[in-house]
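> take this sequence and fold it.
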Amino acid sequence: MVIAALACTAAPREAYGQLGALVSPGRLSRAHASLEGITRCLTCHAAGQGVSADKCLTCHKPVADRIAQKRGIHRNVTTDCVSCHVEHAGVDAELRPFDQRGFDHRAQTGFPLDGLHAPLTATCDSCHKSRSFLSVTTSCASCHADSHKGTLGTRCETCHTTSIKFTESRLRFDHSRTAFPLTGSHARVTCTSCHVDTRTYNGVQFASCANCHTDPHQPRSVASCASCHNTQAWRTTRVDHSRTAFPLLGRHATVECAKCHVQPAMKVAPRAGTCATCHTDPHRGSFKQDCKACHDESGWQKGVFDHSTTRFPLVDRHAPLACVSCHKTAVGTTVVPARGGRPAPGRGAIATARGVAAARTTATDFRGLRIECVSCHTDVHENELGARCETCHTARSFEVPSFRHARQRAFFDGQHRALRCVDCHKPPATSLTATSTRTGSTPAARTTPAIPSPRIPHVGLARTSDTCVSCHQDAHAGQFGTRCETCHSLDAPKFAVTSFAHERTRFPLMGKHAPLACSVCHKVETRSFPAGVATTRRYSGLAIECASCHQDPHGGQLDQGCQTCHSAESFTIGRYTHLNASSLRAFFVGEHLSASCTACHKPAIVRTGLPAVTTYRTSTTCTNCHTDVHRGALGPRCETCHKP
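Numbering: from 1, shown residues only. Presented below is the predicted three-dimensional model:
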């Protein structure tokens, strides 16, 4: 080491080269030749740790990217590079140790070498011109010249394959994959007939036949050549009328062409928008829509009109009705030229001054009929419920099998659920004899005789009240108003009171009041009630003071309410505390404190004519209870000397 150091000191550049040759295990490959020398070792080697994979990938960035993406042959590599790529084996050493002939190009790269590419597996450098295998792309243009100059995009495989030469692809090109498949005579046309420039295949116009073919029909009578022609043959021997705007169906199929095509079809196209173009309208313009709404080509008299397309579809009992049941026959006149100035012979002909005949004609009038039910049926409700009979009735039977009121509420439950309509909706004293006169827009309809209807009692549906007293007698003579449901239930038999809450009144029942029967307080009286004079149990207007039911044992001495001292629990007083005990604190001491109530409060007659009652308004002077032994000599204030 000392010798090496001295040598480096003497000639540094030569010493490094000699020392590197001594230390290095061998020469680097030609690819890494720029890293030779002892001063470049740490470019790949980590101090004391050997070759670092991180340093390798710093230079080999494409490989690092493929490892991160887990693609190609490096997809399973972790961090060890030197296990496969061994350096210091000489200038001509191969750093890519794999069998190029046995390399599976499809599995490792995703780009199979098949067809005309198969021979390239023996010579990798046919495509990989540089040392790196990662610099080559899979696009065709990277190896082949694009004869289409980019006009067909970059996906050459859309038309070309590796199984045949590129120049032969047009012979096997599948034109059905394009927007214009070649069928019939088009399949036999050469490519250059349409693609004049063999380098350009896009941009050929084909939306119209006229883009390639000359139109011999001038002026044009149809919008599309395909109406008569197809690709099998340009010459047309028979016109397929189903491909025109007017297909020939039913009886139209047997009509000769000349009946409609008076002039050549290629010059003048017959009008076929409406039936009236060829046929006379027997309805005289009654219908705005075309005849085909009711008739078809199978026979003019066999048409079936779809009444569901009108404002009044025929369903249920309306469906089997004949048209004339509603649509009456109208009588009109038709002016007919006369022969020789005389009326034309015929039934009903009328002579005129101008030498023409006016013949009476009849036709079914389909115009102006009303669709309201009352235009044909009698309104037994006399317009109480409006004109919309279908709200309750249907055309199935015209009866009301199960009517549900519009506002379903508790009123229609319980005892009311089984009621019939007439139980609430009462008929008047007299019944209505109903007759019906069907009206229409024609004179014949207006003169139709009246049709008698059965005697149906009129019921006042809309005017029926839903208050209880409108059907039930008020046993309380109006004491509770009209809201009987406040106490009575529809679910209880005979609308009994299930649970009356007395606590919601001004006098809640508590204590000994709670078990009392209603009749104890509410007596049967004959008097004037809100509904008039009646004999019934009185519930309203009762006083709630204790004296209204109980006798006052105090003779009116105490003006406070009884509840000041008594409660409904027992009506007795356990221990009484004087109301003025605070101001008489000095009085209630000693023997006064233990004295009984009767010692001070004696029975006395407080009012003339009344029995004696306990006196509660008592004086607190000593002489009121005790005898003054001094006979007043010392004044009335005994407490000055005596204590109880």
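> any weak-confidence spans in the stretch 51-200 of the chain?
For the stretch 51-200 of the chain, applying pLDDT under 70 flags the ranges 198-200.
> just the helices in it please.
Using DSSP state H, counting those that start in this stretch, the helices of the stretch 51-200 of the chain run over 53-59, 61-69, 105-109, 191-194.
> do the same with the stretch 451-600 of the chain
518-521.
> just to revisit the earlier point, looking at the helices of the stretch 51-200 of the chain, which is closest to residue 595?
Counting by CB to CB, residue 595 lies closest to helix 61-69 out of the helices of the stretch 51-200 of the chain; the figure is 110.6 Å. Where you see a C-beta, it was placed from the backbone N, CA and C, and this is true even at glycine.
> run a quick neighbour tally on residue 38.
Neighbour count of residue 38, defined by other CB atoms under 10 Å: 16.
> and of the helices of the stretch 51-200 of the chain, who's closest to residue 89?
helix 53-59 (16.2 Å).
> other SSEs contacting the closest one?
The elements that helix 53-59 packs onto, with contact taken as 3 or more CB pairs under 8 Å, 6 or more residues apart in numbering; DSSP states H and E, are helix 61-69.
> closest to residue 519 out of the helices of the stretch 51-200 of the chain?
Closest to residue 519 of these is helix 61-69 (CB to CB; 99.8 Å).
> give me the contact list for the closest one.
Residues outside helix 61-69 that contact it (CB atoms under 8 Å, 6 or more residues apart in numbering) are 57-58, 72, 74-75, 77, 132, 134-135.
> check the offset of that helix from the chain's centre.
53 Å (CA atoms, centre = their mean, to the nearest Å).
> check stretch 113-133 too.
In this view, stretch 113-133 has its centroid 63 Å away from the chain centroid, taken as CA atoms, centre = their mean.
> may I see the contacts of helix 61-69 organised as a markdown table, with distance to residue 184 and neighbour count added?
Converted to a markdown table, those look like this (distance: CB to CB, whole Å; neighbours: other CB atoms under 10 Å):
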| residue | distance to residue 184 | neighbour count |
| --- | --- | --- |
| 57 | 62 | 18 |
| 58 | 66 | 12 |
| 72 | 50 | 17 |
| 74 | 55 | 20 |
| 75 | 52 | 11 |
| 77 | 59 | 18 |
| 132 | 54 | 13 |
| 134 | 51 | 16 |
| 135 | 50 | 10 |
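> relative to residue 618, which of the residues you listed is nearest.
Nearest to residue 618 among the contacts of helix 61-69, counting by CB to CB, is residue 75 at 117.5 Å.
> residue 551: neighbour count?
The burial count for residue 551: 8, using other CB under 10 Å.
> again, but for the one 10 residues further on
The burial metric for residue 561, expressed as a neighbour count using other CB under 10 Å, is 11.
> next up, the contacts around it.
Contact analysis of residue 561 by CB under 8 Å, 6+ apart lists 545-546.
> tell me the pLDDT at it?
Residue 561 is assigned 80 on the pLDDT scale.
> pretty sure residue 169 contacts residue 161?
Yes: using CB atoms under 8 Å, residue 169 is in contact with residue 161, at 7.4 Å.
> once you drop chain neighbours, what's closest to residue 526?
residue 535 (4.2 Å; CB to CB, 6 or more residues apart in numbering).
> hang on, I meant residue 151
Closest residue in space to residue 151, ignoring its immediate chain neighbours: residue 202 at 5.1 Å, by CB to CB, 6+ apart.
> could you do residue 278 as well?
Counting by CB to CB, 6+ apart, the nearest residue to residue 278 once its immediate chain neighbours are dropped is residue 260, at 7.3 Å.
> model confidence at that neighbour, what's the number?
The per-residue pLDDT reported for residue 260 equals 84.
> how near is it to residue 234?
According to CB to CB, to the nearest Å, residue 260 stands 25 Å off from residue 234.
> same check, this time on residue 375
According to CB to CB, residue 375 and residue 234 sit 63 Å apart.
> ignoring the adjacent residues along the chain, who's closest to residue 566?
In this structure, residue 566 finds its nearest non-sequential neighbour in residue 573, 6.8 Å apart by CB to CB, 6+ apart.
> count the neighbours of the one you found for me.
Residues contacting residue 573 under the criterion other CB under 10 Å number 11.
> the closest residue in space to residue 87 that isn't next to it in sequence: what's it in contact with?
Counting by CB to CB, 6+ apart, residue 87 lies nearest to residue 28, which is 5.8 Å off, once chain neighbours are set aside. Neighbouring residues of residue 28 by CB under 8 Å, 6+ apart: 35-36, 87-88, 91.
> give me the distance between residue 28 and residue 260.
Residue 28 is 97 Å from residue 260, by CB to CB.
> cool, residue 468 as well?
Shown here: residue 468 relative to residue 260, a distance of 79 Å by CB to CB.
> go on, residue 322?
Counting by CB to CB, the gap from residue 322 to residue 260 is 35 Å.
> higher neighbour count, those two?
Remark: of residue 322 and residue 260, residue 260 carries more neighbours, 16 against 7, as counted by other CB under 10 Å.
> who's in contact with that one?
Applying CB under 8 Å, 6+ apart, we find residue 260 in contact with 270, 272, 278.
> quick check: closest non-adjacent residue to the first one.
By that I understand residue 270. Once flanking residues are discounted, residue 270 sits nearest to residue 260: 4.9 Å by CB to CB, 6+ apart.
> likewise for residue 233?
Among residues not flanking residue 233 along the chain, residue 185 sits closest, at 6.8 Å (CB to CB, 6+ apart).
> need the nearest residue in space to residue 97, chain neighbours excluded.
Nearest residue to residue 97 in three dimensions, chain neighbours excluded: residue 84, at 6.2 Å (CB to CB, 6+ apart).
> burial count for the one you found?
Residues lying near residue 84 (other CB under 10 Å) number 13.
> how near is the residue nearest to residue 115 when sequence neighbours are not counted to residue 191?
Leaving aside its sequence neighbours, residue 115 sits nearest to residue 162 (CB to CB, 6+ apart; 3.0 Å). For residue 162, the distance to residue 191 equals 21 Å [CB to CB].
> mind listing what residue 373 touches?
Neighbouring residues of residue 373 by CB under 8 Å, 6+ apart: 379, 387, 389-390, 393.
> for the stretch 251-400 of the chain, what spans make up the strands?
Here the stretch 251-400 of the chain has its strands, by DSSP state E, counting those that start in this stretch, at 329-337, 349-351, 356-364.
> next: the stretch 501-644 of the chain.
Using DSSP E, counting those that start in this stretch, the strands assigned to the stretch 501-644 of the chain run over residues 524-529, 532-537, 603-604, 613-614.
> outside of the third one, which residues touch it?
Contacting residues not belonging to strand 603-604 are listed as 612-615 [CB under 8 Å, 6+ apart].
> so residue 311 makes contact with residue 369?
No: the criterion here is CB under 8 Å, and residue 311 misses it with residue 369 at 9.7 Å.
> of these two, which one has the most company?
Neighbours of residue 311 and residue 369, each counted by other CB under 10 Å, are more numerous for residue 369; the result is 19 against 7.
> before we move on, back to that, lowest average pLDDT across the strands of the stretch 251-400 of the chain?
Among the strands of the stretch 251-400 of the chain, strand 349-351 has the lowest mean pLDDT, at a mean of 36.
> so what's the residue count around the closest residue in space to residue 569 that isn't next to it in sequence?
Of all residues not flanking residue 569 in the chain, residue 511 sits nearest, at 4.2 Å (CB to CB, 6+ apart). Here the number of neighbours of residue 511 (other CB under 10 Å) works out to 11.
> with that, I have no additional questions.
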